[in-house]
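Asker: here is a sequence with its predicted model. Questions after.
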Amino acid sequence: NLITSASLFCGFFALLRTLQQDFYTAAIFILASGLLDGMDGKIARYTNTTSRFGVEYDSLADVISFCLAPGILVFAWALEPFGRLGWLASFLFVVCGALRLARFNIQVNTVESRYFSGLPTPAAAILLATGILVFYRLGDTGVSKHLTILITTYVLAFLMVSTIKYYGFKDIELFRRQPFRWLVIAILLIIVVAYEPEYTLFGVILCYVLSGPILTLVLLHRRRHPKPAIPEEKTA
């Protein structure tokens, strides 16, 4: 719950920096909130401190950090010049994120935990945040007007309330012995992120957002064309 509170603080501070038109810092704090949000659930499970209160508190914090904060941020940064289309896109992002979290809470014990139904709200928020960092890296700072951001905001809102499947990474055990190759991969990833953090983080989260439709098509194909069962050999 303390880690969840820290995540909530990052979302709140991102809102404050947005009001001061410090969009770069606001985006950084949304990324920090995403990191903390990924930690709290795993730490609660490893320390056997999960509770219904923690689940509800985490969802309420996520509404602030990954719905309201990025919605206001993207509106103040790039959508305000579009007028009604801009604030509608911002509101749609916020409300779809809240609906996504509400649906997750009621389905958490009834659906397959390996996959998420719909794009997770942290992923949608982080894509917007890293997009801002990339634009700043390219020299486009301050208030902007980008049609691609408007379209992206609408698309992310739709993906959050859709039934498209996304891999949940819940079956990855970080505190168990792992093959040596994972150490090498982790080191290479850290080096790449350290060299070009804005582009790398944006590329990684964009690949995850695009992986949902591909994964859904693969699962649908497997369901419609199951592998034939291998007949058992008869022994004399």
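Answerer: Happy to help now that I have it. Numbers count the residues shown, from 1 in each chain.
Asker: can you give me the helices in the protein?
Answerer: Taking DSSP state H, the helices of the chain run over residues 2-19, 23-46, 52-62, 69-74, 84-107, 121-137, 147-161, 180-195, 197-224.
Asker: indicate which one of the ones you listed is closest to Y115.
Answerer: Closest to Y115 of the helices of the chain, according to C-beta to C-beta: helix 197-224, at 7.6 Å. In short, each C-beta sits where N, CA and C put it, glycine included.
Asker: any idea how far that closest one is from the chain center?
Answerer: Computed by C-alpha atoms, centre = their mean, to the nearest Å, the chain-centroid distance of helix 197-224 equals 12 Å.
Asker: show me what that helix is packed up against.
Answerer: helix 121-137, helix 147-161, strand 165-167, helix 180-195 (3 or more C-beta pairs under 8 Å, 6 or more residues apart in numbering; DSSP states H and E).
Asker: weakest of these in terms of mean pLDDT?
Answerer: In terms of average pLDDT, helix 180-195 trails the rest of the helices and strands packed on helix 197-224, at a mean of 77.
Asker: and that one with helix 197-224, angle?
Answerer: Angle, helix 180-195 to helix 197-224, by axes from the mean of the first three to the mean of the last three C-alpha atoms, to 10 degrees: 140 degrees.
Asker: which of the helices of the chain sits closest to Y167?
Answerer: helix 197-224 (6.4 Å).
Asker: just give me the neighbour total for the closest residue to F12 other than its chain neighbours.
Answerer: Of all residues not flanking F12 in the chain, I64 sits nearest, at 6.5 Å (C-beta to C-beta, 6 or more residues apart in numbering). Using other C-beta atoms under 10 Å, I64 has 18 other residues around it.
Asker: ok, T121 next?
Answerer: Neighbours around T121, by other C-beta under 10 Å: 27.
Asker: and stretch 134-141, end to end?
Answerer: In stretch 134-141, first residue to last residue: 10 Å (C-alpha to C-alpha, to the nearest Å).
Asker: and that stretch, how far out from the chain middle?
Answerer: 22 Å.
Asker: CSV for the helices of the chain, including distance to Y115?
Answerer: Shown next, in CSV, are the helices of the chain (distance: least, C-beta to C-beta, whole Å):
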stretch, distance to Y115
helix 2-19, 23
helix 23-46, 16
helix 52-62, 19
helix 69-74, 23
helix 84-107, 11
helix 121-137, 13
helix 147-161, 14
helix 180-195, 22
helix 197-224, 8
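Asker: and among those, the most buried is which?
Answerer: Of all the helices of the chain, helix 69-74 has the most neighbours on average by mean count of other C-beta atoms under 10 Å, namely a mean of 28.
Asker: which helices and strands does that one pack with?
Answerer: By 3+ C-beta pairs under 8 Å, 6+ apart, helix 69-74 packs against helix 2-19, helix 23-46, helix 84-107, helix 121-137.
Asker: run the angle between the shortest one and helix 84-107 for me.
Answerer: Think helix 121-137. 150 degrees.
Asker: thinking again about what came up before, for F158, find the nearest of the helices and strands packed on helix 69-74.
Answerer: helix 84-107 (7.3 Å).
Asker: residues in contact with the closest one?
Answerer: 55-56, 59, 62-63, 66-68, 70-72, 74-75, 79-80, 82, 116-121, 124-125, 150, 153-154, 156-158, 160-161 (C-beta atoms under 8 Å, 6 or more residues apart in numbering).
Asker: give me that answer again for 6 Å
Answerer: 59, 62-63, 67-68, 71, 75, 79-80, 118, 121, 150, 153-154, 157, 160-161 (C-beta atoms under 6 Å, 6 or more residues apart in numbering).
Asker: what angle separates that helix from helix 147-161?
Answerer: Here helix 84-107 runs at an angle of 20 degrees relative to helix 147-161 (the same axes, to 10 degrees).
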